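Visitor: This is a predicted model, with the sequence first.
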Amino acid sequence: MKKVECIVQPGKLDPVREGLTKIGVSGLTVTEVKGYGRQKGHTELYRGAEYTIDFVPKIKLDVVVPEELVNQVIEVVMENARTGRIGDGKIFVTPVEETVRIRTGERGKDAV
Amino acid sequence: MKKVECIVQPGKLDPVREGLTKIGVSGLTVTEVKGYGRQKGHTELYRGAEYTIDFVPKIKLDVVVPEELVNQVIEVVMENARTGRIGDGKIFVTPVEETVRIRTGERGKDAV
Amino acid sequence: MKKVECIVQPGKLDPVREGLTKIGVSGLTVTEVKGYGRQKGHTELYRGAEYTIDFVPKIKLDVVVPEELVNQVIEVVMENARTGRIGDGKIFVTPVEETVRIRTGERGKDAV
Amino acid sequence: MGFIRFAAIVVLPSLFLGSVPAWATESPAEINGADTAWVLVSTALVLLMIPGLALFYGGMVRKKNVLSSMMHSFVAMAVIGVQWVVIGYTLAFGPDVGHFVGNLKYMFLNGIGPESVSGTIPTYVFIMFQGMFAIITPALISGAIAERMKFSTYVVFIVLWATLVYDPIAHWVWGEGGWLLNLGALDFAGGTVVHISSGVSALAAIALLGKRKGFLQEPILPHNLTLTLLGAGLLWFGWFGFNAGSALASDGNAALAFTNTQVSAAAGCLSWLLGEWRFQKHPSALGAASGIVAGLVAITPAAGFVTPVWALVIGFAAGVVCYSAVVLKSRIGYDDSLDAFGIHGVGGAFGALATGLFATVNGAGLIAGEPKQFMVQIIATVATIVYAFGMTYGLVWILDKVMGLRVADDEELHGLDQAHHGEKGYNL
Amino acid sequence: MGFIRFAAIVVLPSLFLGSVPAWATESPAEINGADTAWVLVSTALVLLMIPGLALFYGGMVRKKNVLSSMMHSFVAMAVIGVQWVVIGYTLAFGPDVGHFVGNLKYMFLNGIGPESVSGTIPTYVFIMFQGMFAIITPALISGAIAERMKFSTYVVFIVLWATLVYDPIAHWVWGEGGWLLNLGALDFAGGTVVHISSGVSALAAIALLGKRKGFLQEPILPHNLTLTLLGAGLLWFGWFGFNAGSALASDGNAALAFTNTQVSAAAGCLSWLLGEWRFQKHPSALGAASGIVAGLVAITPAAGFVTPVWALVIGFAAGVVCYSAVVLKSRIGYDDSLDAFGIHGVGGAFGALATGLFATVNGAGLIAGEPKQFMVQIIATVATIVYAFGMTYGLVWILDKVMGLRVADDEELHGLDQAHHGEKGYNL
Amino acid sequence: MGFIRFAAIVVLPSLFLGSVPAWATESPAEINGADTAWVLVSTALVLLMIPGLALFYGGMVRKKNVLSSMMHSFVAMAVIGVQWVVIGYTLAFGPDVGHFVGNLKYMFLNGIGPESVSGTIPTYVFIMFQGMFAIITPALISGAIAERMKFSTYVVFIVLWATLVYDPIAHWVWGEGGWLLNLGALDFAGGTVVHISSGVSALAAIALLGKRKGFLQEPILPHNLTLTLLGAGLLWFGWFGFNAGSALASDGNAALAFTNTQVSAAAGCLSWLLGEWRFQKHPSALGAASGIVAGLVAITPAAGFVTPVWALVIGFAAGVVCYSAVVLKSRIGYDDSLDAFGIHGVGGAFGALATGLFATVNGAGLIAGEPKQFMVQIIATVATIVYAFGMTYGLVWILDKVMGLRVADDEELHGLDQAHHGEKGYNL
Ligand SMILES: Nc1ncnc2c1ncn2[C@@H]1O[C@H](COP(=O)(O)OP(=O)(O)O)[C@@H](O)[C@H]1O
Ligand SMILES: Nc1ncnc2c1ncn2[C@@H]1O[C@H](COP(=O)(O)OP(=O)(O)O)[C@@H](O)[C@H]1O
Ligand SMILES: Nc1ncnc2c1ncn2[C@@H]1O[C@H](COP(=O)(O)OP(=O)(O)O)[C@@H](O)[C@H]1O
């Protein structure tokens, strides 16, 4: 099993989720994060003082899938989260050695 | 070392934490997340319009432990987070190659 | 590629980020988390009732870098996040098997 | 305004039929301290309704638009606050021109001083009291256009709207010589002038503005209902000034209007909650807040003309009528974001007609054997609808061509707070 | 209410001993515009206390219950707002039946019009002023039962409680012919009627309702103290109407009640903060808010009867007494969630007795050489405690059998906002 | 205060030149119910400004300091609320000692009763009205020292400051025998006494206190602008009491002050927004709130002395002047966290001088051909600046030595809510 960690623009959660459902991914977990990268934050003026906001809001999706689905997941995310502008985000794939469904105790592929 | 990532129901943080302390797990890190899965969200009515809320609030616990403790951790989580209803959540085990305690620079098992 | 996961004190985000920029790390992702560990929470009194708050606020930084940078990253984090007091946090290093930049489709080192 | 009442009952009609208001040129009347105190307080209460409205609306939008939505009300305090003393007051209450509008005699409040008297109160107090109505009315419209309209266009819009729509209609109904006043239309505190005019204009505006992106497709939920409840509370509180202050005196009539306001708000809240309980299983906080406002809107034109038992009926019915309007809207699919039309337009029209039915105090409606009054109320309602809709549609159409109405898609996505105000509501 | 004062001082006792209130049938008295203005304003101020209470309580519960808690107050505005004009007013202030309750003569405010006068103000104003007290009192109880009571049962409860507990007690103390009024009990603005009755009823209710899950085991922390502070601010503001409005006139007595209110609130806040500073190292914002309310509660019965120096003493002592009560509660282990008993019950009783000790203006207490007055105050306090506790216990017991008191465990876990109102307070 | 007005116009100067205030010893005057009602209400309105200020400031600090910042205002209600009746009132309004301060005759309000009359209102009302000013003034200073000052030192500071700085200055300007009153300085509602004194003292305090850690290096952003907007709304509402209440009567003068307050607030808001629009591309919500307060501050001394057209000018100019001051500050680099000096100090001084220029009603300034009045205003402004700055600097210097001014670094990092109050603002 692999975990595909996708960091995307805030507005892109719904399209990506829908795309993933279509290829049979039935679960995922979402975290609100702040990103720092090439996309620069904006400057805010408060009472005459100018501040640079370095971090921009992003959404992180963790999708655990069997190895054979990884490439499909990457494609779906690319398709649905891409705007072509700096800040579209990253996908990281990491190994998952065991998965368990707490409700039933099922393990491995059956658990996701 | 392994990281045991547990996604559980919001109310289950305290029992799980207590259970883990008993088996000697002395640290963990918690993130508020939103989950999508078999457990369907509810519908909300606002001023006559009906919306389906797909994501449900979940708690993610990251517990880094030596390999030999992994199964015990899984058991404890199963025990304390299970209600038997859809949405109880998942456990994912991933490899950790190095751990460092920032305060002392200790590494490996000594660091957790 | 490796993911260096650093759990640090809330005030330490900016110094660590600056330190990392200096060694050429150009991106990272930040999550607000709550930690449980040796550092005990405080007690709060509400209307005469005393409660122990077990969890303390922490910041998690995820930095994905090529293997050869990992030690440098660890050093920089140690340098900038250390106060020497309990609760300074942890660093966990985990493997990343694939990285993709959503905007361009670049993979591997080019993607971070 | 009890202005009507004032004209009709204080038995000084001569003052109002002459082309020059008596209090501006001569001061034969003495001011009454008690009346002055009550109207001063009422004026302050109506001012407070504007931040109240900002909260009421601000809590209902998404987090990314909260400041944008609140600024719709606050900027009205700034620009209409100035417009009113410059030109608004004289257009509404200056010497009559063709039964349609006031002339420019009192521009910049020219010729009015602390000693000028209007009825039994200083003219300044009357001006300020009326001014608060002029501010809140355009702000009410903002509920319909929330979360997608350009701020600069909005500011220009409300200035023009106040000048071309509000001020004339106020003159028709409350200005001496106004054609609806002459006709005998009853509008105690602004059913036509404030609520119908703003509600109908809201409809005209969104006809041109279009829906929010994702409307009825993705959840667009209120981001902070504690603000909305607080706003509803401040509105209820301030509405006592709005309605009972419209008696322009500290007397039994003010007491009646106060009582009716209280009773109708309670009944509106109750019936809305019962409706929700019955039809969607949950009596909601948003429903409570909406029902309160529905009850308050509907009693506004009737406040000084009906007995409390009828206020109970009006409030209860208003909850039902406005709840239905709001539920219907989502069926029809137009995007009146925060239900400015559904509550103010529908509730205001209902109240204006109900006044013609149930008036028995200081006026006589259908149940008092005066079907004619009901006819007059219909005329007033229809005239206000036609004028407000037509003018607003034209105005917004022109503004669309000249300045553009909508924000860019990206700005709508990331929120108007960032785009227009360079801020975030919360850094929590 | 200064009603007592009114009866005692305006020297028209005959009006009150007859079985028919003078102002409803004849109108010999003229209304006084200034008094009317002040009581109108005071009435609006008391209305604002209800949203203030909603915020005060709402900020103290957990996020998942914020709307539920606020709705406890808002729904009281809806249902008691209606109940009062239908039947509440006449039960409390209608012609006396057996010194215990009013008869049904004024149901639906029957026979009262804008010209009816009550003392020096329109009867409508008196009715509305009293009505706001009737609304806020049951809402005070909601602080005790927060976070676990079924909404439907709560609604039925407050309607019955207002009718069977509040209205009779109000009659005893303020209604002409009421036995405590006849006895000479002093209660300027509601120490017994409002605070003791609600506080003691809160205790009775939680005796049957039980504790919140996790009480004293897991942290149950206020979710938004900015709401609580704002609520305390609005309560302080509104309490000027509550207390000084109870003079029912714009005069030196109102001025005295106003001054005492201000002084006692400040002193209560100060002493609570000092207590916290001394005993738990931190003077907290929640403590400031609580101390303010404690000071306001305690001065309520005494506001028009003592001098400001004694108000200082009463406020200061109230902070100490209520702080101790609240700390004690957690030792004893009963779950009065937001301290309705600890503050209103204890503070109200303390104030009622303090009135018997320190009254020197418009009445004479112990220090003025009238131990009898102190005895009377004890009787009034005990009678209120016994009646309110007994009736409420019985009422809640029956409701438990008929409708059920508590939400399901799951609903309590996930929050009452979701379960009962189908909403979330915040989407941040 | 219209106290001046009162002295000058009610034509009872003899009352004020004698060393014993007439109303305390004899009661020849009758109280006027309407005036009493209006000043009672105004007093309540000014009280509400204090929670309003707590919100205004509280929303601007970082989340970790929100309670700390709000407590600065709330604790002022507690301690100055008590200090005022103990000693403050008599120092400010007691029998004159050397034209500088009142003597101790009225300590604990000794010798004053419900029947005591001050002008046309009960003395108690006058005391309470003035007391609210005494509370809010030190709380204004807290905007400058937010997010880093020790709470205990702050509490001691405001008690001493009220006693040694506020009370004397209030005596100079409004107390009979005060040297600035004798000189003929015009200050309708507190330009010098309230705004200059607090703004300048803020500057003195931060000169010793130093900057917040990270000031101008890292983003220090408002954490909740909905609170700030609500606060600005409550301030606007309450300011009607502040200014129009200062007429101490329900009359044309109150009406004038009310009108000017409204007009200037609107104009100040408008010009600040236009300034931001022009120079930083975004008209911000924080700017709207700031502009409102700037307009309100500047009109305060002039409210009863100028015509509404000049109020428009003053408000508009105040927006420009204060906006510039605030922008300049960040250039200069001193850390007036929430701009107490930039708005109250600068706006107050501007208003005091503008009064000398534009007064034409109940007084005559430069444009009415009285350059002398302008000179007097300069003297009053400079005297207030010098005294307030000097005294505050000395006071804070001593407190630094004795108690320490600043929190520990760690406490500043983790927030003062946790460190000083043992709480968090939000558990969301
Ligand atoms: N090395 C990295 N490790 C972890 N997260 C990263 C890294 N680089 C970028 N990110 C995340 O990806 C987001 C987008 O990256 P950015 O460089 O702004 O744009 P792009 O991916 O289009 O080049 C960042 O906001 C951050 O959250
Ligand atoms: N494939 C997945 N990858 C990541 N997280 C998942 C995945 N499937 C489920 N989850 C997480 O587990 C939670 C529970 O899953 P769900 O399917 O609702 O119930 P159950 O685990 O009882 O079958 C989800 O809300 C989601 O947070
Ligand atoms: N085994 C663990 N797994 C995951 N996170 C941990 C673990 N142990 C500690 N942490 C995280 O590290 C933080 C600091 O740990 P703590 O034991 O308090 O101090 P220190 O690292 O100085 O010994 C904790 O608050 C928690 O977030």
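Guide: Good, I have the coordinates. Numbers count the residues shown, from 1 in each chain, chains lettered A, B, ... in the order given. Ligands and ions are numbered 1, 2, ... in the order given.

Visitor: On the pLDDT front, check D:Glu218 for me.
Guide: As predicted, D:Glu218 sits at a pLDDT of 85.

Visitor: ok, now D:Ser330?
Guide: 76.

Visitor: Give the other helices and strands that the helix or strand hosting it contacts.
Guide: Using DSSP states H and E, D:Ser330 maps to helix D:308-332. For helix D:308-332, the packing partners by 3 or more C-beta pairs under 8 Å, 6 or more residues apart in numbering or on different chains; DSSP states H and E come out as helix D:252-280, helix D:285-299, helix D:346-358. Using the backbone N, CA and C atoms, a C-beta is placed for each residue, glycine as well.

Visitor: got the angle between that helix and helix D:346-358?
Guide: 140 degrees (axes from the mean of the first three to the mean of the last three C-alpha atoms, to 10 degrees).

Visitor: Name the residue of the stretch 151-300 of chain D that lies nearest to chain A.
Guide: D:Glu218 (6.3 Å; C-beta to the nearest C-beta).

Visitor: where along the stretch 101-250 of chain D do the strands fall?
Guide: With strands called from DSSP state E, counting those that start in this stretch, the stretch 101-250 of chain D shows them at D:101-102, D:117-118, D:121-122.

Visitor: ranking those strands by burial, who's on top?
Guide: Greatest average neighbour count among the strands of the stretch 101-250 of chain D goes to strand D:121-122 (a mean of 30), per mean count of other C-beta atoms under 10 Å in any protein chain shown.

Visitor: Spell out which strands sit alongside that strand in the sheet and which way each one runs.
Guide: Sheet pairing of strand D:121-122 (DSSP bridges) gives strand D:117-118 (antiparallel).

Visitor: dump the residue contacts of the residue in the stretch 1-150 of chain D that ligand 3 sits nearest to.
Guide: Taking C-beta to the nearest ligand atom, ligand 3 has its nearest neighbour within the stretch 1-150 of chain D at D:Lys63, 27.7 Å off. Neighbour list for D:Lys63: D:His223, D:Asn224, D:Gly415, D:Gly425, D:Tyr426, E:Asn427, E:Leu428 [criterion: C-beta atoms under 8 Å, 6 or more residues apart in numbering or on different chains].

Visitor: Relative to F:Gly210, how far out is it?
Guide: Computed as C-beta to C-beta, to the nearest Å, the D:Lys63 to F:Gly210 distance reads 35 Å.

Visitor: and what of D:Tyr323?
Guide: Computed with C-beta to C-beta, the distance linking D:Tyr323 and F:Gly210 is 57 Å.

Visitor: more crowded one of the two?
Guide: Using other C-beta atoms under 10 Å in any protein chain shown as the criterion, D:Tyr323 and F:Gly210 rank with D:Tyr323 on top: 27 against 13.

Visitor: The helix holding D:Ser330 relative to helix D:285-299, how many degrees between them?
Guide: Counting by the same axes, to 10 degrees, helix D:308-332 lies at 120 degrees to helix D:285-299.

Visitor: Okay, and the beta partners of the residue nearest to D:Gly94 when sequence neighbours are not counted?
Guide: Leaving aside its sequence neighbours, D:Gly94 sits nearest to D:Gly102 (C-beta to C-beta, 6 or more residues apart in numbering or on different chains; 3.0 Å). With DSSP bridges as the criterion, D:Gly102 is bridged to D:Asp96.

Visitor: ok now do D:Gly102, which residues does it touch?
Guide: For D:Gly102, the contacting residues are D:Thr90, D:Leu91, D:Ala92, D:Phe93, D:Gly94, D:Pro95, D:Asp96, D:Asp167, D:His171, D:Gly175, by C-beta under 8 Å, 6+ apart.

Visitor: Around chain F, pick out the residues from chain A.
Guide: Along chain A, the residues adjacent to chain F under the rule C-beta under 8 Å from any C-beta of the partner chain are A:Glu44, A:Leu45, A:Tyr46, A:Arg47, A:Gly48, A:Ala49, A:Tyr51, A:Thr52, A:Ile53.

Visitor: can you count the residues close to the closest residue to the third one other than its chain neighbours?
Guide: Using C-beta to C-beta, 6+ apart and skipping the chain neighbours, the partner closest in space to A:Tyr46 is F:Leu221 (6.2 Å). Around F:Leu221 sit 19 other residues, with neighbours defined as other C-beta under 10 Å.
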